[in-house]
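S.K.: here you go, sequence then predicted model.
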Amino acid sequence: MTRQTGTYPVELGFLPDAFAIPDVEHPGLLRVGERGAAPYGGESVEHHDCPTTDCTHVDVDVDLLEAGFDTVDLAPFADLQRVLERIDAAGSLIEADAAAVQAALEGAVLRCASGLTLTVLYVADEGQFMRTAGPNRMSMVPSLPTGKNGHGPADAVHADQDVFGTPIRQLMGGDGPTLFRHDSPGVHNHEPSLMLVNLWIPLQQITQPLVFADGRSIDRERHQLRYGLATNSFLEREDDVDINDIWMFLHDSGQRWFFRSDMDHRSAYVFNTLGTAHGAGVLPGEDDAERCSRALGAGESAVERGDAPGLVEALGDLDGTQTPEQATPALRDAIDGMLALADEARSDPEAVCGPMARDWVGRARAARRAVVRRSIELRVVVSVDH
């Protein structure tokens, strides 16, 4: 099998067709039934392997206005880079750092890869989170988030806000559809230069990448469905706005999907909060990355006990494991590194459990951390300069 650098079969989660029901408040359109899937829960989600283009290696014609997503260069913002490095090292987002991120972005002029220029007019206090995801949907967070932390990936493809729904309707006095550029089932508004967008900053993402649909490939009347997401477990809101009106999506083979296989906090995604379909994807080879990560974790415990036979036993799960040819270059390199550490330990377990223990454990932990996706997201109002 040849190594790929263009298109990969990425596993994405979608709302099952059975959960789509007529939207009585919007005749001719669909919504999600009461027992439908939520984007962050993983329940009642069906998975499809979607051909997905890696924009890291292939030039593609997508931008924020037409496709609904783009990337922006954050490297020139020195203050922002320093705080992002601090957050990544800490592995959590504290209030002081969240405020520093907001301060660094207020009024910033962001340059998109497509050539568009975005001026940040407002950074919302609500909706700033850190998400953590292990390879192959390996859980890295508690069952319930705590404030800005403890959030897992979005297993189901979704869009974050219905411009006609709660809380946009209340916050904007019903003027959201007129003020903001949006694409909604049955109606759109492409005139405003004002956009409500998500700024999604990857601290690291060689696994569980964020994947986007080209909005031009979405049949919004047939595949985009209203859904009321309960927010009381992760947002502090008044009772009249505790249900967040968002969008869920059905799968269709005509949809076109895109991702970047290797990003860090020097760049970020910007995408339309009001209609861009997106979700966390599982890349080919993430199952091998998970197996390597779990085996090294068990091996670290054995080394810390000074248990050479236990180290060999822990790494036995990797017998016959090879770096998958179909994986992205970044993921192949990460798996190669973990397998090399396993081979080193199995070749001389007594030394690794003895004088080499501290060094080997440190390198193993760093190798496992490299396959954990960490990201920060914010909700931002921008004005677009064509």
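M.R.: Good, I have the coordinates. Residues are numbered from 1 along each chain as shown.
S.K.: okay, now the unreliable bits of the stretch 201-350 of the chain?
M.R.: For the stretch 201-350 of the chain, the stretches with pLDDT under 70 are 231-242.
S.K.: break the chain into its domains for me.
M.R.: The chain breaks down into these domains under automatic domain parsing: 8-281, 286-369.
S.K.: in TSV: those, plus distance to residue 386 and mean neighbour count.
M.R.: In short, each C-beta sits where N, CA and C put it, glycine included. Formatted as TSV, the domains of the chain follow (distance: least, Cβ to Cβ, whole Å; neighbours: other Cβ atoms under 10 Å):
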stretch	distance to residue 386	mean neighbour count
domain 8-281	7	18
domain 286-369	33	18
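S.K.: residue 376 is nearest to which of those?
M.R.: If you check each of those against residue 376 by Cβ to Cβ, domain 8-281 wins as the nearest, at 4.6 Å.
S.K.: now that closest one, how far from the centre of its chain.
M.R.: 8 Å (Cα atoms, centre = their mean, to the nearest Å).
S.K.: beyond the host helix or strand of residue 102, next helix or strand please.
M.R.: Residue 102 belongs to helix 95-105 when assigned by DSSP states H and E. Sequence order places strand 109-111 as the next helix or strand after helix 95-105, per DSSP H and E.
S.K.: show residues contacting that following strand.
M.R.: 72, 73, 74, 117, 118, 119, 120, 270, 382 (Cβ atoms under 8 Å, 6 or more residues apart in numbering).
S.K.: list the strands paired with it, with their directions.
M.R.: Here strand 109-111 is paired, per DSSP bridges, with strand 117-123 (antiparallel).
S.K.: for the next helix or strand after the strand it pairs with, name the packing helices and strands.
M.R.: Counting by DSSP H and E, the next helix or strand C-terminal to strand 117-123 is strand 129-133. In terms of contacts (3 or more Cβ pairs under 8 Å, 6 or more residues apart in numbering; DSSP states H and E), strand 129-133 is packed against strand 373-385.
S.K.: rounded mean pLDDT for the strand it packs on, please.
M.R.: When pLDDT is averaged over strand 373-385, the result is 97.
S.K.: how about the CA coordinates for it, as PDB?
M.R.: This file holds the C-alpha atoms of strand 373-385, laid out as PDB (Å, rounded to 0.1, in the frame of the first residue of the first chain):
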ATOM      1  CA  ARG A 373      -5.100  16.300  20.800                       C
ATOM      2  CA  ARG A 374      -5.400  19.500  22.900                       C
ATOM      3  CA  SER A 375      -7.300  22.500  21.600                       C
ATOM      4  CA  ILE A 376      -8.800  25.800  22.700                       C
ATOM      5  CA  GLU A 377     -11.900  27.300  21.200                       C
ATOM      6  CA  LEU A 378     -13.500  30.800  21.400                       C
ATOM      7  CA  ARG A 379     -16.500  32.500  20.000                       C
ATOM      8  CA  VAL A 380     -15.600  35.700  18.200                       C
ATOM      9  CA  VAL A 381     -17.400  38.500  16.200                       C
ATOM     10  CA  VAL A 382     -15.400  39.600  13.300                       C
ATOM     11  CA  SER A 383     -15.700  42.000  10.400                       C
ATOM     12  CA  VAL A 384     -14.600  40.600   7.000                       C
ATOM     13  CA  ASP A 385     -12.500  42.700   4.600                       C
END
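S.K.: could you pull out the buried residues of it?
M.R.: Neighbour-count burial for strand 373-385 flags 373, 374, 375, 376, 377, 378, 379, 380, 381, 382, 384 (criterion: 16 or more other Cβ atoms under 10 Å).
S.K.: just want the angle from it to strand 129-133.
M.R.: 140 degrees (axes from the mean of the first three to the mean of the last three Cα atoms, to 10 degrees).
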